[in-house]
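Trainee: Quick one, structure for this:
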Amino acid sequence: MVPQTFPNHPEYDKYYDVWTRIDDCLEGSEAIHNAREKYLPKTEGMASDAQYGDVIYNRYLNNATYPEYAHDFFIASTGLLKQKDPERSVASWAFRFAGSPKHVLTVLSGMTYMEHLQDNIRTYSPLIPLNEEELAFLEETAELMQKYPTIPCNDCKYCMPCPYGIDIPAILLHYNKCVNEGNVSQGKEAENYKKARRAYLVSYDRAIPKLRQADRCIGCRQCVSHCPQSINIPKEIHRIGKYIERLKREV
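Mentor: Coordinates of the predicted model:
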């Protein structure tokens, strides 16, 4: 007897890659590294070098640094769901989302503890489909997560050395660290402006020597083609440089 197979539900196929990325992000550095080229693609030079490409790529992979604050941000984002409905688990939102489409008959769950099973039973006894307001709330939460204003630098240092001595990874990673710590202020009106301004400038000068800071970038773009993440490095460096100059002027 030939085993019968069934196609995935369209919504499953649509969101599978997104769910996988979120899972890997929550797992952290090991999961990102184990996925290899899925998140850390080879440069054109690595791919075309049949003799040494894999060796160079493995060195790059070992040196790459995953920003663990991404994990912290996802954890913090779940606070929005708990604030919306303190009585519901975060997982219940996901299962209600999965079970709400009209033609979904079965939702599979991977459970580790009895508490997970009990929570799932509560969610589906009976299932209360998401209403329009709740769907809009989830959409807003997802958009917020996508807009998290960090730069996808993993510190591989393929952009180095800069011909003008700029420490590109240090500048980008310092910016990301300050975003994560709440020390990137949007203006003087912000409640924590003075504290954030001082924290950013002091830590910037401590982390990056004067002659290697963002204001020395001339936009030669030599670094751009070397970045596996396709970051527009001069654009980001200039943006950070202008932000720092504004902080220095706004006493």
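Trainee: Could you use CA atoms for every contact and neighbour count after this?
Mentor: Will do.
Trainee: Can you report how many residues neighbour residue 33?
Mentor: Other residues within reach of residue 33, judged by other Cα atoms under 10 Å, total 18.
Trainee: Now do the same for it: helix, strand or coil?
Mentor: Here residue 33 is recorded as helix under DSSP: H, G, I helix; E, B strand; the rest coil.
Trainee: Please name the spatially closest residue to it (chain neighbours excluded).
Mentor: Counting by Cα to Cα, 6 or more residues apart in numbering, residue 33 lies nearest to residue 61, which is 6.8 Å off, once chain neighbours are set aside.
Trainee: What residues of the strand or helix carrying the one you found count as buried?
Mentor: Here residue 61 sits within helix 53-63, counting by DSSP states H and E. Within helix 53-63, the residues scored as buried using 16 or more other Cα atoms under 10 Å are 53, 57, 60, 61.
Trainee: May I see these arranged in a markdown table, with distance to residue 226 and pLDDT as well?
Mentor: Formatted as a markdown table, the buried residues of helix 53-63 follow (distance: Cα to Cα, whole Å; pLDDT from 0 to 100):
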| residue | distance to residue 226 | pLDDT |
| --- | --- | --- |
| 53 | 14 | 77 |
| 57 | 13 | 80 |
| 60 | 12 | 76 |
| 61 | 15 | 76 |
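Trainee: where do the helices sit along the stretch 101-250 of the chain?
Mentor: Per DSSP state H, counting those that start in this stretch, the stretch 101-250 of the chain carries helices over the ranges 114-123, 132-146, 168-180, 193-207, 233-249.
Trainee: hey, least reliable of these by pLDDT?
Mentor: The weakest mean pLDDT among the helices of the stretch 101-250 of the chain belongs to helix 132-146, with a mean of 81.
Trainee: Tell me, how many residues neighbour residue 84?
Mentor: Counted with other Cα under 10 Å, residue 84 comes out at 11.
Trainee: Quickly note the distance from it to residue 96.
Mentor: Noted for residue 84: a distance of 15 Å to residue 96, by Cα to Cα, to the nearest Å.
Trainee: just to revisit the earlier point, now, among the buried residues of helix 53-63, which is nearest to residue 20?
Mentor: Residue 20 lies nearest to residue 61 out of the buried residues of helix 53-63, by Cα to Cα, at 19.9 Å.
Trainee: quick one: residue 13 from residue 80, how far?
Mentor: 26 Å.
Trainee: cool, residue 229 as well?
Mentor: Where residue 80 is concerned, residue 229 sits at a distance of 30 Å (Cα to Cα).
Trainee: got it, and residue 16?
Mentor: Using Cα to Cα, residue 16 is found at 23 Å from residue 80.
Trainee: helices and strands of the chain: which one has the lowest mean pLDDT?
Mentor: helix 69-84 (a mean of 64; mean pLDDT, DSSP states H and E).
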